[in-house]
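Participant: I would like to see how this sequence folds:
(3 chains)
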Amino acid sequence: MPAPKFITNKPRVIYWFRTDLRLHDSPALRAALDLNPECLYPIWTWDPHYVYHARVGPNRWQYLIDCQNDLSSRITALNPKSRLLVLREGPETILPKLWKEWRISHIVFEKDTDAYGRERDEKIERLAKEAGVKVVSIAGRTLWDSDDVVERNGGKATMTLAQLQTAGKKLGEIARPIPPPETLPNLGELILGFAHTQPIAALDLNASHRSEADKSYETIAGPNGDLGPPTLEELGIRPATTRHRGGETVALEQMNKILADKTYTATFQKPNTAPTAFEPQATTLLSPHHHFGSLSIRQFYWGIVDVVEEFNKSGKGKASVPPTSLIGQLEFRDMYFGAHAKLGYSFSQTIGNPNIRFIPWYLPSVLDDKTGRVISGTYYIDNQEAEVWFQRWKFGRTGFPWIDALMRQLRQEGWIHHLGRHAVASFLTRGGCFVHWERGAEVFEEWLIDHETACNAGNWQWLSCTAFFSQFYRVYSPIAFPKKWDKSGNIVRKYVPELKDYDDKYIYEPWKAPIADQRKWGCMIKDDGSDEFTYPKPMFDFSERREWCLRKMKEAYDVGLHGNDEKVKDGSWRSLFGDELGNKGDVKLMSIGDIDAGDNGAENVVTAVISPGNEDKGTVIGQKRKASKSQGTLDGLVKRIKKS
DNA sequence: AGGTTAGTTGGCAAT
DNA sequence: TATTGCCAACTAACC
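Facilitator: Numbering: from 1, shown residues only, chains lettered A, B, ... in the order given. Okay, the predicted model is just below:
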């Protein structure tokens, strides 16, 4: 081990912020302060994995930037000489330089939970060891440390709420929140006179969200040279469209408002909250704060427990209990984290995952044979019709107003109600399109401001009846389900404004309205719905598709393969299924990263695949497809999206 | 925390 | 008062 250049008595500490963008109830930050450091550098490193390889739309970028700005000013409020230092370089290259230049003795961070973060942190710990820097990593993102949960669950993934609850009981009471620090140490000297390492050029999964050149890594300290949080402009990302704002200050205000409504908090029952409500929404909307760590999960947990106890003593009634209560919702979150902690990367994919069923969905993922992992940014188009359905679903042009309203709300605002997620997920997978749940999960990853790998993968598995839940005949109707909550379809009028003047009677099924009424209400129902005075006909007969899907689900359950079965990996599963799927023979993969000249002169990176008989047609995910006569509907769709 | 259909039951008012 | 029609509310079976 090389000897440090300078020996000081007091620790010199880097606090590495990642998904814990808060000062309150941070066990890791407390540990850093307990070192009684001579100086504390609060840093953020601009990880190329997140910049290019995670799917992040403008709304989540903005939310992250909100969190960083708020955190920085809260740090400065405690110490005017301190702030959040945003370094435009990946952690694996910059941290060793900082340790050396800033004479760091300790690096402290909250233990990460997702597969990528944990793999990255292992590398960082090895590098730190080599450099003689001590690493302090403390769990703080979940009710219990998920690795402890797995251990107390017999070393297995938590696949039911009961398993999580039993493991939790064995682990003892959840820690009470730690108050925020009252002071923070000064920064050390900001020496940045070292070479700036650029990330290795890679596939940019967020290219479709950029309107300008990406300047993420132009300088180490940002355009103002002050290590301040970036702007969307610096990232070349289009403006955000959501009204939801991030940051610890907003998070605490929002939480306190909820807890102040004691009846709401104590009697909350998720299935009784309206998915059609949007302003205000029926649930807490705290999930994005928990995702970025701008709100501690234990702070909210204990806030609820205290309100529930008081409510039960008050004689006003009986508080709700898990699984439907607010506490139950937090437990579900920990259950998914427990499964993800055990299974790692394989939790968020079918192939190689022993815990999930194999169902022969359309548009399956492509596997990297070397790593056994799904290749992000690509998938097989094994059925052209399903690809059209998928694109129409993604951009809210299915012709089912309830589904389209939700998908447009998701794209615009980055958040939809949990039961709305049920509705669109059921529709895309087992109750409509029969498209792979991994395609849906990728769209949610791109557009949700509260995207959390464990919860997203888990919920898609649940809703597609791939794991956690198996009653596949419980299909959500795009008409009957929203009618139960809102007969007049206000959510449709808001997000599908071309239908705003339709009578209540037809708001969820406008194709049934007489032509004269369609004319009167200013919106004709036409096949492609390609101008602003038209809306598309439903892209299929729903009950027909529902029956077809039920047959296929039953078949898949009878065949009984799971993600880790050899037959799933080698493709021989096909011999066990009937030939009704319509995907004939093998599909072929184009080279990922090939450059494809787009119609508008732009160069697009090919990230998807071709199907037999269509060898000359590549696909660019999230961008315009190359012209294809067989996809008139899709071209109309693209035109419509560009206009909106 | 799904939806449909067919069948039953019970209240109510018209005849 | 008995019969009839109507319908809302409920249940069971099925997908």
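
Participant: for the helix or strand hosting A:E385, which positions count as buried?
Facilitator: Assigned by DSSP states H and E, A:E385 falls within helix A:384-394. Within helix A:384-394, the residues that qualify as buried are A:384, A:386-394, counting by 16 or more other CB atoms under 10 Å. Bear in mind the C-beta positions are built from the backbone N, C-alpha and C, glycine included.

Participant: Where does confidence bottom out across the residues you listed?
Facilitator: Ranked by pLDDT, the buried residues of helix A:384-394 bottom out at A:Q384 (91).

Participant: For chain A, which segments are assigned as strands?
Facilitator: With DSSP state E as the criterion, chain A has strands at A:12-16, A:39-45, A:85-87, A:106-110, A:134-138, A:365-367, A:374-379, A:524-526, A:534-536, A:595-597, A:603-605.

Participant: List of residues touching the third one?
Facilitator: Contacts of strand A:85-87 from elsewhere in the structure, counted by CB atoms under 8 Å, 6 or more residues apart in numbering, are A:41-46, A:68, A:94, A:98, A:187, A:190, A:220-222, A:227-230.

Participant: who in the stretch 401-550 of chain A is up against DNA strand C?
Facilitator: Residues of the stretch 401-550 of chain A found near DNA strand C (CB under 7 Å from any atom of the strand) are A:473, A:547, A:550.

Participant: I'd like to know how many residues surround the second one.
Facilitator: Other residues within reach of A:E547 by the criterion other CB atoms under 10 Å amount to 12.

Participant: list the contacts for A:E509?
Facilitator: A:E509 sits next to A:401, A:479 when contact means CB under 8 Å, 6+ apart.

Participant: Report pLDDT for it.
Facilitator: Predicted confidence (pLDDT) for A:E509: 97.

Participant: roughly how far apart are it and DNA strand B?
Facilitator: Applying CB to the nearest atom of the strand, to the nearest Å, the value for A:E509 to DNA strand B is 10 Å.

Participant: what do you get for A:V366?
Facilitator: When distance is defined by CB to the nearest atom of the strand, A:V366 is 32 Å away from DNA strand B.

Participant: neighbours around that residue, how many?
Facilitator: 17.

Participant: right, and it touches A:Y380 too?
Facilitator: Yes: using CB atoms under 8 Å, A:V366 makes contact with A:Y380 at a distance of 6.3 Å.

Participant: hang on, the earlier thing: got a quick PyMOL command for the buried subset of the contacts of strand A:85-87?
Facilitator: Filtering the contacts of strand A:85-87 down to the buried ones (16+ other CB under 10 Å) takes a single PyMOL command:
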select buried, chain A and resi 41+42+43+44+45+46+68+94+98+187+220+221+222+227+228+229+230
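
Participant: So what's the residue count around the residue of the stretch 301-450 of chain A found nearest DNA strand B?
Facilitator: Nearest to DNA strand B in the stretch 301-450 of chain A, going by CB to the nearest atom of the strand, is A:P323, at a distance of 4.3 Å. Using other CB under 10 Å, A:P323 is surrounded by 17 other residues.

Participant: That'll do, ta.
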